[in-house]
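Novice: One predicted model, sequence on top.
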Amino acid sequence: LIPGLGCSGEVWKTTVREFEKTNTCHVITLAGFAGVPAVTGEFLTPRRDALAVYIQKNCKTKPTLIGHSLGGFLGLMIAADYPDVLEKLIVVDAVPFLPALSNPNATVDFVKPQAAMMERVLLNQDAATFAHMQNTAIRTMVSDSAQAFNVTQWSIASDRATLAAAMREMMTTDYRKNIGTIRVPTLVLGSWGG
C-alpha cells in the first residue's frame, strides 16, 4: 500500500486492519515524507524503480498494489513499466496526468511554467505559512477532522524539497499513453466531494 503526497503509510491502518486478516501487507512511506529521511535528485522514476525491486525481492507471489493519489500514480507507472511484477492494481484518486483534470488539452510543455512556479512557492514559504496552507488544502480533501489533522502533520514533517519536487514531477509527467500497456486487472476509484 502506497500513500499519497506527504503521507505516512499509517494512513492505511484501518485498511490494513481488514486486509491483514487474510493477506500479508507491505505498507510504504516514501522517502522524504512524514519525517522519513529524504533522498536527493529526481523523485518519481527512482521511486518507481525502487518499489518494483522491493516487490520482486520481498513478495513471494505477485501482489495487488494499492496506491492513493501519488501512490496510485506510482502504481500506474509500475504496472506500465514493469508488466510482470503485479497481480492486480488498485488506484484511488490517481490519474495518469494530473493537469488534465482541469484542462483535458494540457500538455507537459504548457504546464511546466506553472509547475515550476508552484515548486518555488512551496520552497519559499516560511514554516507558518506552509503549515497554514497545508492545513487549508488538506481540509478540502479529507473529510474526517482527525485524519485531516494527521495528514497535515505528516505533510508538515515532510522534507519540503521532496514535496515540491514530487508535485512538480507529477504535474509534468504524462502517462496517458503508457497506461494503454497495462495488462494487469486495474480498479480505479475516485472520490467526489461536490
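Specialist: Great, that's in hand.
Novice: Show the residue spans covered by the strands in this protein.
Specialist: All strands of the chain, identified by DSSP state E, fall at 64-68, 88-92, 186-189.
Novice: Can you spell out which helices and strands pack onto the first one?
Specialist: Contacts defined by 3 or more Cβ pairs under 8 Å, 6 or more residues apart in numbering; DSSP states H and E place strand 64-68 against helix 70-81, strand 88-92. Where you see a C-beta, it was placed from the backbone N, CA and C, and this is true even at glycine.
Novice: quick one: the last one to helix 70-81, angle?
Specialist: Following axes from the mean of the first three to the mean of the last three Cα atoms, to 10 degrees, one obtains 150 degrees for the angle between strand 88-92 and helix 70-81.
Novice: and the angle for strand 88-92 with strand 64-68?
Specialist: Angle between the axes of strand 88-92 and strand 64-68 is 10 degrees (criterion: the same axes, to 10 degrees).
Novice: One more: the longest one?
Specialist: Helix 70-81 runs at 140 degrees relative to strand 64-68, counting by the same axes, to 10 degrees.
Novice: thinking again about what came up before, of the strands of the chain, which is nearest Glu10?
Specialist: Checking the strands of the chain against Glu10 by Cβ to Cβ gives strand 64-68 as the closest, at 12.6 Å.
Novice: Geometric centre of this protein: which residue is closest?
Specialist: Nearest to the geometric centre of the chain sits Leu70, at 1.5 Å (Cα atoms, centre = their mean).
Novice: Check the spacing between that residue and Met141 real quick.
Specialist: 13 Å (Cβ to Cβ, to the nearest Å).
Novice: tell me which residues in the longest helix belonging to the chain are buried?
Specialist: Taking DSSP state H as the criterion, the chain has its longest helix at helix 108-124. By neighbour count on 16 or more other Cβ atoms under 10 Å, the buried set for helix 108-124 is 111, 115, 119, 122.
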